[in-house]
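In: Attaching a predicted model along with its sequence, questions to come.
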Amino acid sequence: MFKQNTNVVIDSEIKTFVFKLENGKITYNILDSSLNLLNTETLQDEEIKLFSASIDLQDTIHLVALIDTGDLNYYKYIDDTWLKSTISNFDVKSNIYNQIEILIVDNKLHIIYNYSNLMNSNIWSLQHVIYDGRNGSGRNIIRYLSKRSSSHFTLDLDNHGTIHLFYSNDLSGTSRVHHTFYNLYTKAWVPEPPKLSLDNIHNLVPFLFIDLANNLHCISLEEVKGGYKIKYLQMSSTGKEKHKWKEIKLTPILVSSFPPIIFQEDNKLKLLYISQKNMKYIVSTDYGISWSLENTLDNMGDDISVVKVSSNLSSKNHKINHSCFNNSYSPKLNGLEIYSDNTSPPEEIKTEDITMELIEEDKEIDRDLLVEINNKIDQLLDNYNIVESFISTITSKQIKTEELLSDIQKSLDENNKSFFSKLFN
């Protein structure tokens, strides 16, 4: 399953940091570019409950950890030294905090986490905090129902800086996958996320991947007789069907409850899954339109999990957000070998280079080109007005949904009080 207590970070020198949370302590192994162990260190702090790690373009490692006192601590690893601060304090006595993820967008720390109240643990909230190093602002993403003790979500960032997120909502006895996103310019989440699965079929452990061409991919486990099959949807960034989810039927194969993942290698999409203890890859060379079986690794054992991967390496051919961690025989992170070659440090644009280029290109501009640009700007503004109207409409619907969930929670609280009064009076 998804192993939230293990995070992998790869810097621009192809040095790998494997962070692992065990018994309330975070230890991390530092590996060289050939994945040979260099050192093992411990992050000194109190009892840690949850954490998430990432890296920015300046090779600074960012790590956020929730400790048992409720403090949300923020660590920055710069020049082999950890700097620590406290961002907030959570109510760990009243709430269950299940998962926390971080992203670095425009030099700001984005923290996304979910929690439920101990008294009404079926109602979950997804929260988003943006921290600029001094101040933080928080907002509610969505409230939803989940009967599972560990409600999971997955997220990714597209080329425009938009944060996309999948989660599962349990309604009428089935688990349904939903897609929401946060736009950096409107500073708002979609308040009524659309469903990506049918109402009468269980869809578990949704997984999101955005490829280097900005196409979105959704995979989940669909419950069928005798086990699970992989459900796959794709949203193209170009063409007539752009920005529309489309289901693409895969060859029906019964798989285990192990969550499948997608990564990109040599401009090929690879979908990894487990079937009868064998790890298999199916491959797409057309961004998910068609798939074919490429490789099978036999007898992988039972001790397999999915871990999060963060890297700032610049590559036009490779992208990996998660890796399959196999600890049955010897610890191995499948897929990370793609970072050994054809990678380069993160690209930085120099101001003087831009100035020189502008001076050299200072020529007469075509009038027809200006007209075309103005027309496109007008079209974008029209589209923005449509989206703004749409968001306004669904915001009112979300408010009604929030009021309904609040009424349910109040009713549950009153019933609990009535029960305890009858019990002890």
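Out: Here it is on my side, so go on.
In: from here on, contacts and neighbour counts on C-alpha atoms
Out: Noted.
In: shaky segments in the stretch 301-425 of the chain?
Out: 301-303, 326-425 (pLDDT under 70).
In: Would you list the phi and psi of L184?
Out: phi -60, psi -30 (degrees, to the nearest 10).
In: Surely it and H164 touch.
Out: No: contact between L184 and H164 fails when scored by CA atoms under 8 Å: they sit 11.4 Å apart.
In: Show me which of the two is the more surrounded one.
Out: H164 (20 against 14; other CA atoms under 10 Å).
In: How about the contacts made by that one?
Out: H164 makes contacts with L155, D156, L157, D158, H179, T180, F181, Y182, as judged by CA atoms under 8 Å, 6 or more residues apart in numbering.
In: Contacts only, for the closest residue to K316 other than its chain neighbours.
Out: The spatially closest residue to K316, leaving aside those adjacent along the chain, is L212, at 7.3 Å (CA to CA, 6 or more residues apart in numbering). Contacts for L212 were tallied using CA under 8 Å, 6+ apart; they are N159, K316, N317, H318, K319.
In: Please identify which of these is nearest to I141.
Out: Sorting these by distance to I141 puts N159 at the head of the list, at 21.3 Å, by CA to CA.
In: Need phi/psi at the closest one.
Out: Dihedral angles phi and psi of N159 (degrees, to the nearest 10) take the values phi -70, psi -10.
In: Per the annotation, how does this structure divide into domains?
Out: The chain is divided into the following domains under automatic domain parsing: 2-350, 351-425.
In: Single out the most deeply packed of the ones you listed.
Out: Most buried of these, by mean neighbour count (mean count of other CA atoms under 10 Å): domain 2-350, with a mean of 17.
In: Now do that one: distance to the chain's middle.
Out: Between the centre of domain 2-350 and the centre of its chain there are 4 Å (CA atoms, centre = their mean, to the nearest Å).
In: Find the centremost residue of this structure, please.
Out: The chain has L155 as the residue nearest its centroid, 2.0 Å off, counting by CA atoms, centre = their mean.
In: Name the SS class of the closest residue to F19 other than its chain neighbours, please.
Out: The spatial neighbour of F19 that comes closest, neighbours along the chain excluded (CA to CA, 6+ apart), is Y28 at 4.3 Å. The three-state label for Y28, taken from DSSP: H, G, I helix; E, B strand; the rest coil, comes out as strand.
In: which ones are touching Y28?
Out: Residues touching Y28, when contacts are defined by CA under 8 Å, 6+ apart, comprise F17, V18, F19, K20, T40, E41, T42, L43.
In: among those residues, which are in strands?
Out: For these, the ones inside strands are F17, V18, F19, K20, T40, E41, T42, L43, with DSSP state E as the criterion.
In: is it true that the fourth one touches N7?
Out: To tie it back to what came earlier, the one meant is K20. Yes: taking contact to mean CA under 8 Å, the distance of 6.7 Å between K20 and N7 places them in contact.
In: Quick check, S305 in contact with C324.
Out: Yes: assessed by CA under 8 Å, S305 is found in contact with C324 at 5.8 Å.
In: thinking again about what came up before, pipe the ones in strands among the contacts of Y28 into JSON lines and attach pLDDT per row.
Out: As requested, the ones in strands among the contacts of Y28 are exported to JSON lines (pLDDT from 0 to 100):
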{"residue": "F17", "pLDDT": "96"}
{"residue": "V18", "pLDDT": "94"}
{"residue": "F19", "pLDDT": "95"}
{"residue": "K20", "pLDDT": "94"}
{"residue": "T40", "pLDDT": "95"}
{"residue": "E41", "pLDDT": "95"}
{"residue": "T42", "pLDDT": "94"}
{"residue": "L43", "pLDDT": "91"}
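In: Other residues contacting the helix or strand where N295 lies?
Out: N295 is located in strand 292-297, with elements delineated by DSSP states H and E. Surrounding strand 292-297, the residues in contact under the criterion CA under 8 Å, 6+ apart are N278, M279, K280, Y281, I282, V283, S284.
In: quick one: strands adjacent to it?
Out: As defined by DSSP bridges, the strand partners of strand 292-297 come to strand 278-284 (antiparallel).
In: Sketch out the low-pLDDT regions of the stretch 1-150 of the chain for me.
Out: Counting by pLDDT under 70, the low-confidence segments of the stretch 1-150 of the chain come to 1-3, 148-150.
In: how about the strands in it?
Out: 2-10, 16-22, 25-31, 37-43, 48-55, 61-67, 71-78, 81-89, 95-105, 108-117, 123-131, 136-145 (DSSP state E, counting those that start in this stretch).
In: packing partners for the last one?
Out: Just to be clear, that refers to strand 136-145. strand 123-131, strand 163-171 (3 or more CA pairs under 8 Å, 6 or more residues apart in numbering; DSSP states H and E).
In: any idea of the angle the last one forms with strand 95-105?
Out: Using axes from the mean of the first three to the mean of the last three CA atoms, to 10 degrees, the interaxial angle of strand 163-171 with respect to strand 95-105 works out to 160 degrees.
In: Can you give the strand pairings for strand 163-171, parallel or anti for each?
Out: Strand pairing for strand 163-171, using DSSP bridges, gives strand 153-157 (antiparallel), strand 174-183 (antiparallel).
In: And the first one, by the same measure?
Out: Using DSSP bridges, the strands paired with strand 123-131 are strand 108-117 (antiparallel), strand 136-145 (antiparallel).
In: which other residues reach that strand?
Out: By CA under 8 Å, 6+ apart, strand 123-131 touches 108-117, 136-146.
In: how about the residue nearest to L233 when sequence neighbours are not counted, what does it touch?
Out: Counting by CA to CA, 6+ apart, L233 lies nearest to E247, which is 4.2 Å off, once chain neighbours are set aside. When contacts are counted by CA under 8 Å, 6+ apart, E247 touches K231, Y232, L233, Q234.
In: could you turn the helix or strand hosting L221 into CSV, dropping everything but the C-alphas?
Out: Counting by DSSP H and E, the secondary-structure element that holds L221 is strand 216-224. Coordinates of the C-alpha atoms in strand 216-224 are reproduced here as CSV (Å, rounded to 0.1, in the frame of the first residue of the first chain):
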residue,chain,number,x,y,z
LEU,A,216,-3.6,14.1,-16.6
HIS,A,217,-3.8,10.4,-15.8
CYS,A,218,-6.1,8.7,-13.2
ILE,A,219,-5.9,5.1,-12.2
SER,A,220,-7.8,3.3,-9.4
LEU,A,221,-8.8,-0.2,-8.3
GLU,A,222,-12.3,-1.1,-9.4
GLU,A,223,-13.9,-3.8,-7.3
VAL,A,224,-15.1,-6.7,-9.5
